[in-house]
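Asker: I would like to see how this sequence folds:
(chains A, B and C)
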Amino acid sequence: MAIPVKHVGSNSTRTDPLVSHGRHFGRTIHSFCRIFPLIKEGLSREVQFKAGLLRYTDLSNQELREHHIYKELVEAIPDLGERLLTSAEPEIHYIAEMLNKGSMGACADDTKSLKSVVIDWITPLGGSLSPPLSRNVKTDRGCFHEQTGRLLCPATLNWDDNEIQKQLKTGQIIVSGDNWPFFLYRDHTLNAENLWDGLFQGELLVSAFKHVFTCPSSVEKETRATRAGNAEIHGMRSVTIASLAYISTLVHTLCLGSSAVFSRNDKATDSERFYRSVIEFLETPSETAEVEDLLRWWNV
DNA sequence: CACATCTCCCATCCGTCAGC
DNA sequence: GCTGACGGATGGGAGATGTG
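Answerer: As a prediction, the model looks like this:
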């Protein structure tokens, strides 16, 4: 297998800094994507723009969105744009592979630690879960458990209705679009008069966000951190739409959900579908004002 | 120094799926 | 069915950076 190995630093035993950038890319810019095609096509479009062969208005919405992600990627990593322009295909493959490695690795680590502590967070204060949930096994979560099922249930539905529970278990009801689950709302309750009230301000979401981006111990009142957390390491200043979607998806599918696999196949899996619907929703032009308010709330 | 905390990485395991 | 390749999950641990 001929993989061109081109290390950036002089010390060849260290991992390529691209991996670290890949970690942050996955958490804050975009998850669930094939990085090589993203770069390849983005690069090709850029070249065509410069040559006057292509205009932004020629792109479909999907292409526009992909190109936007490409631009964010290039801007996030110093000298990447320049490097890509002078790289042959094998080198681009290598770059994509390193970024992908980081992106997947971060996701694996976050899932691993979150799915365990999330048990603490959903356990009632001073009480216990009945039946108890295993910290390591997820198969009995999701709709199969009273506590996780209630949190995952779309907020417009009544979890206490047996018929609804049954339909959720059999997959007849799919959570998507503006039918958001309870855990996304502040106090895990829906204000029927204002669907935006408290949306994406759920306590679980906030805890998970701190856990991943600040540091695990910052979730409690006093942080015991002795070193920089992820946000600081990568110079992250503010909460982004993609990072909110990332955390929401982690909690939704990987911590509360029962599915065992965080898949990125071509088939739309639960996690990917959920991620996309969150992003699409938060990027809807008509919701801009509310989203700005939301981000302001997060960034206080 | 011993320890605590945290990020990052690796080796290994396991489920899925195409090709026979 | 069987099998091997592949990719994601998992557990463990190295290394960085702080504290008492």
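
Asker: tell me how far the nearest residue to A:Ser130 once chain neighbours are set aside lies from A:Leu133.
Answerer: Of all residues not flanking A:Ser130 in the chain, A:Glu146 sits nearest, at 7.7 Å (C-beta to C-beta, 6 or more residues apart in numbering). All C-beta spots, glycine's among them, are computed from the backbone N, C-alpha and C. To A:Leu133, A:Glu146 is 10 Å away according to C-beta to C-beta, to the nearest Å.

Asker: have a look at the two and say which one is more surrounded.
Answerer: A:Leu133 (19 against 13; other C-beta atoms under 10 Å).

Asker: tell me the contacts of that one?
Answerer: A:Ile119, A:Asp140, A:Arg141, A:His145, A:Gln147, A:Thr148 (C-beta atoms under 8 Å, 6 or more residues apart in numbering).

Asker: per-residue confidence at it?
Answerer: pLDDT recorded at A:Leu133 is 81.

Asker: next, it: secondary structure please.
Answerer: coil (DSSP: H, G, I helix; E, B strand; the rest coil).

Asker: dihedrals phi and psi, it?
Answerer: When read as degrees, to the nearest 10, the backbone of A:Leu133 gives phi -110, psi 140.

Asker: cool, and A:Tyr185?
Answerer: The phi/psi pair for A:Tyr185 (degrees, to the nearest 10) is phi -90, psi 150.

Asker: check contacts around the residue lying closest to it once chain neighbours are set aside.
Answerer: The shortest distance from A:Tyr185 to any non-neighbouring residue, by C-beta to C-beta, 6+ apart, is to A:Gly198 (4.8 Å). Taking C-beta under 8 Å, 6+ apart, we find A:Gly198 in contact with A:Tyr185, A:Arg186, A:Asp187, A:Thr189, A:Asn191.

Asker: so which of those wins on neighbours?
Answerer: Within these, neighbour counts (other C-beta under 10 Å) peak at A:Tyr185, which reaches 22 neighbours.
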